[in-house]
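Asks: A predicted structure for the sequence below; I have some questions about it.
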Amino acid sequence: VADGAAAAIVVRAEDAHRYTDNPLLIKALSFVAGDGSGLMDPDYDYTTFPEVVASAKDAYAQAGITDPREELAMAEVHDCFTPTELVLLEDLGLADRGTAWKRVLEGAFNRDGEIPVNPDGGLKAFGHPVGASGLRMMFEAWLQLRGEAPEERAISTYGSRNLALTHNLGGYPGEMVSFVSILGTP
């Protein structure tokens, strides 16, 4: 779980074209840490992660996104456990509360669905090397938004939308950290 490495060249947006004709631009970065109250709160019901809701709201505001379901081409979410992915789809605003499981069954998050989620198979498909997972997710967004993902992973929203979301989290509810990035092509 700890093996893995990732690297990226990060430059100012105005310098990106000196290095590539197809840069991936950072539109938003949001990091939120919990206050430690989650496990001690008798009313906490484990169907939402407040830190994820807050970091998504902040990232959407930074990127000028008002409807993530319509504006995002894809999302890479922290699917460390199957039920966690369902909670995250709702916390990230990609499904209404209590409906993510239905939306999954309808195919909404398939690579040819209305908003592809984890077209690369997600964390478990890559062994989830903790130190490299977040940047690996950004690399998938880079491939997809440039139309360079392998055919078996190519998303149907390529070319019609130019923004992608990546999400990572760690810790326990109320004590966790959540990170959301919004990336896009020029």
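Replies: Cool, the structure landed. Just so you know, these numbers come straight off a predicted model, no measurement behind them. Residues are numbered from 1 along each chain as shown.
Asks: Please, where are all the helices along the protein?
Replies: Taking DSSP state H as the test, the helices found in the chain are 50-63, 68-71, 82-91, 100-106, 122-125, 133-145.
Asks: Check the ones you listed for me: which has the lowest mean pLDDT.
Replies: Among the helices of the chain, helix 122-125 has the lowest mean pLDDT, at a mean of 87.
Asks: hmm, who's touching stretch 144-159?
Replies: Contact with stretch 144-159 is made by 22, 24, 73-74, 111-116, 119-120, 140, 143, 162, 164, 183-185, as judged by C-beta atoms under 8 Å, 6 or more residues apart in numbering. Placement of C-beta: from N, CA and C, glycine included.
Asks: 6 Å instead?
Replies: Identification of contacts with stretch 144-159 by C-beta atoms under 6 Å, 6 or more residues apart in numbering yields 22, 73-74, 111-112, 116, 119-120, 143, 164, 185.
Asks: Farthest pair within those residues?
Replies: Asn22 and Asp112 (23.2 Å; C-beta to C-beta).
Asks: Output the lowest-mean-pLDDT helix or strand in the chain as CSV - backbone C-alpha positions only.
Replies: Scoring the helices and strands of the chain by mean pLDDT, DSSP states H and E places helix 122-125 at the bottom, with a mean of 87. The C-alpha trace of helix 122-125 is given here as CSV (Å, rounded to 0.1, in the frame of the first residue of the first chain):
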residue,chain,number,x,y,z
GLY,A,122,-10.3,3.5,-9.1
LEU,A,123,-7.9,3.1,-6.2
LYS,A,124,-8.2,-0.6,-5.8
ALA,A,125,-7.4,-1.2,-9.5
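Asks: buried ones in it?
Replies: Neighbour counts over helix 122-125 (16 or more other C-beta atoms under 10 Å) mark 122-123 as buried.
Asks: That helix - contacts with which helices or strands?
Replies: Taking 3 or more C-beta pairs under 6 Å, 6 or more residues apart in numbering; DSSP states H and E as the contact definition, helix 122-125 has no neighbouring helices or strands.
Asks: For the spatially most central residue of the chain, which non-adjacent residue is spatially closest?
Replies: Geometric centre of the chain, nearest residue: Thr166, 2.4 Å, by C-alpha atoms, centre = their mean. Among residues not flanking Thr166 along the chain, Met137 sits closest, at 4.2 Å (C-beta to C-beta, 6 or more residues apart in numbering).
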